[in-house]
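Asks: I'd like to go over a predicted model; first the sequence, then the structure.
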Amino acid sequence: MPSMSSASRPARDHHRVLIVGGGTAGITAAARLRRAGVTDIAVLEPADVHWYQPLWTLVGGGRAPLDITRRPEASVMPRHVRWIREAATAVDPEARTVTTAADRTIGYDYLVMAPGLQLDWDKVPGLDSAVGHGGVSSNYSFEHAPYTWELIRGLRSGTAVFTQPAGPVKCGGAPQKIAYLAADHWRRQGVLDRIRVILVLPADSMFGVPVWRRALEQVAARYGIEVRLNSEMTAVDGAARELTIADHAADTEESLTFDLLHAVPPQSAPDWVKRSPLADPASPYGYVEADKHTLQHPGHRNVFALGDVANLPTSKTGAAVRKQAPVVVANLLAEMKGERRDGRRRYDGYTSCPLVTARNRMLLAEFDYDQNPAPSIPLLDTTKERRDMWLLKRYGLPALYWHGMLKGRA
């Protein structure tokens with residue numbers, strides 16, 4: 001049976017371990033802590049729906065239904081973990097308390113920060129009012145992902161633009177993947193040669209790891225996609241179907257009219273995290289400071305961070321969380337026991353980007369902090385486009401997520 005909500009249990013104001021966030025990182029950490037025998041754990045999470053966001057790309061590409069990406073939050077909450085259905089608004093690491101939107105003050109002995117990140121639609125002038133209609137969509141919202149497929153399916157000619165903002169984003173490959181799914185659909189429909197496809201990327205290359213960068217360059221060339229590097233969308237006029245692209249290398253701006261725009265919003269830590277003492281002063285986006293190997297806050301030894309909110313030099317993916325969670329749990333337990341800090345478990349920066357390149361093909365990019373390939377599937381060359389990797393993305397990884405990660409088993 002799922003644990004009871006705060007509305008149905010007597011309120012308690014202090015917990016041995018308080019986890020802020022009931023998404024991928026928070027639930028995975030809670031499940032592992034329970035399996036390790038930790039009692040008196042609370043998860044602070046206001047949402048009543050839990051989403052499997054990695055499939056939203058396939059929803060936008062017409063390859064998966066939206067309904068299979070959501071489950072009730074109560075169904076994923078680990079047993080014997082208290083669910084506090086409120087939103088955090090502040091943290092005081094000196095007092096060891098978190099304040100909620102309901103003016104509740106919750107004390108803790110140990111804190112795990114996993115509230116995720118926020119989508120800053122308003123950081124691109126015009127985007128907030130444009131998205132969701134008039135040819136503008138984004139797979140970064142469950143509300144808009146089905147509209148992406150509607151736009152792709154309906155376009156027979158014109159200009160399609162796919163953008164990525166500067167700064168860290170969830171799954172750095174997702175802004176590209178939808179461009180490839182769209183182009184593959186148009187190719188199969190026999191209309192690709194009538195559609196100008198533009199991919200706007202902020203970095204100076206298509207991918208940070210050379211072996212996958214070369215593969216993606218070939219994919220883009222195969223579809224005839226115009227790749228704009230060192231560039232980003234700086235404004236959009238939804239009514240006029242016009243956007244502005246800044247080329248930072250050439251220090252120029254260009255206005256383009258579009259028929260379809262898939263826009264990825266800028267992203268940052270939740271505002272209350274930015275204002276908190278736990279925010280990393282080195283992060284312009286307000287993410288939580290954490291040792292990149294132990295995932296422990298350097299100024300507050302009873303605080304750990306994982307997932308999208310942690311300021312780590314790796315991609316923000318569910319695969320990264322799967323490797324971070326065991327490290328957080330092991331080191332939190334070691335901190336509880338007062339064990340030496342020089343023997344702590346270490347996270348090497350592993351992350352994974354499933355790069356869908358066609359309706360039934362995928363590359364699997366796995367690498368560490370040093371951008372070295374870190375393959376986890378023996379005997380398979382995941383630098384090549386493969387159908388079995390697409391099946392893994394569509395069917396294998398969701399099963400691993402719901403039945404492995406969120407149960408603390410994988």
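Replies: Now that the structure is in, tell me what you want to look at.
Asks: who's in contact with the closest residue to Lys123 other than its chain neighbours?
Replies: Nearest residue to Lys123, sequence neighbours excluded (C-beta to C-beta, 6 or more residues apart in numbering): Pro266, at 4.2 Å. C-beta: built from backbone N, CA, C; applies to glycine. Pro266 sits next to 119-120, 123-124, 165-167, 169 when contact means C-beta atoms under 8 Å, 6 or more residues apart in numbering.
Asks: would you turn the residues you listed into CSV with distance to Leu364 and secondary structure?
Replies: Output for those, formatted as CSV (distance: C-beta to C-beta, whole Å; DSSP: H, G, I helix; E, B strand; the rest coil):
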residue, distance to Leu364, secondary structure
Leu119, 26, strand
Asp120, 29, coil
Lys123, 31, helix
Val124, 31, coil
Pro165, 25, coil
Ala166, 26, coil
Gly167, 24, coil
Val169, 19, coil
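Asks: which stretches in the stretch 151-300 of the chain count as helices?
Replies: 174-188, 210-223, 271-274 (DSSP state H, counting those that start in this stretch).
Asks: related to what we said a few turns ago, which two among the contacts of Pro266 are spaced furthest apart?
Replies: Maximum pairwise distance among the contacts of Pro266 (C-beta to C-beta): 14.6 Å, between Leu119 and Ala166.
Asks: more crowded one of those two?
Replies: Leu119 (18 against 15; other C-beta atoms under 10 Å).
Asks: was I right to think the more buried one contacts Pro270?
Replies: No: at 10.6 Å, Leu119 does not count as touching Pro270 under the criterion of C-beta atoms under 8 Å.
Asks: mind listing the residues bridging to the most centrally placed residue in the chain?
Replies: The chain has Lys170 as the residue nearest its centroid, 3.0 Å off, counting by C-alpha atoms, centre = their mean. For Lys170, the beta-bridge partners under DSSP bridges are Lys316.
Asks: show me what contacts it?
Replies: Lys170 makes contacts with 53, 117, 140, 267, 308, 316-317, as judged by C-beta under 8 Å, 6+ apart.
Asks: let's see it at 7 Å
Replies: 53, 117, 140, 267, 308, 316 (C-beta atoms under 7 Å, 6 or more residues apart in numbering).
Asks: could you do Leu364 as well?
Replies: Applying C-beta under 7 Å, 6+ apart, the residues near Leu364 are 352, 354, 382, 389.
Asks: buried ones in stretch 291-306?
Replies: 291, 293-297, 300, 302-306 (16 or more other C-beta atoms under 10 Å).
Asks: ok so, going back, and the residue nearest to Lys123, how far from Leu127?
Replies: Separation of Pro266 from Leu127 (C-beta to C-beta, to the nearest Å) stands at 9 Å.
Asks: swap in Arg341?
Replies: Taken as C-beta to C-beta, the span from Arg341 to Leu127 is 44 Å.
Asks: who's more crowded, the two?
Replies: Using other C-beta under 10 Å, the more surrounded residue of Arg341 and Leu127 is Leu127, with 25 against 13.
Asks: give the buried residues for the biggest helix by length in the chain.
Replies: Assignment by DSSP state H gives helix 318-337 as the longest helix of the chain. Residues 318-335 are the ones in helix 318-337 that count as buried (16+ other C-beta under 10 Å).
Asks: which is the next helix or strand following it?
Replies: strand 351-358 (DSSP states H and E).
Asks: which strands border that following strand, and is each parallel or antiparallel?
Replies: strand 361-367 (antiparallel).
Asks: quick one: buried residues of the next helix or strand after the strand it pairs with?
Replies: Following strand 361-367 in sequence order, the next helix or strand is helix 387-391 (DSSP H and E). For helix 387-391, a neighbour-count test (16+ other C-beta under 10 Å) marks 389-390 as buried.
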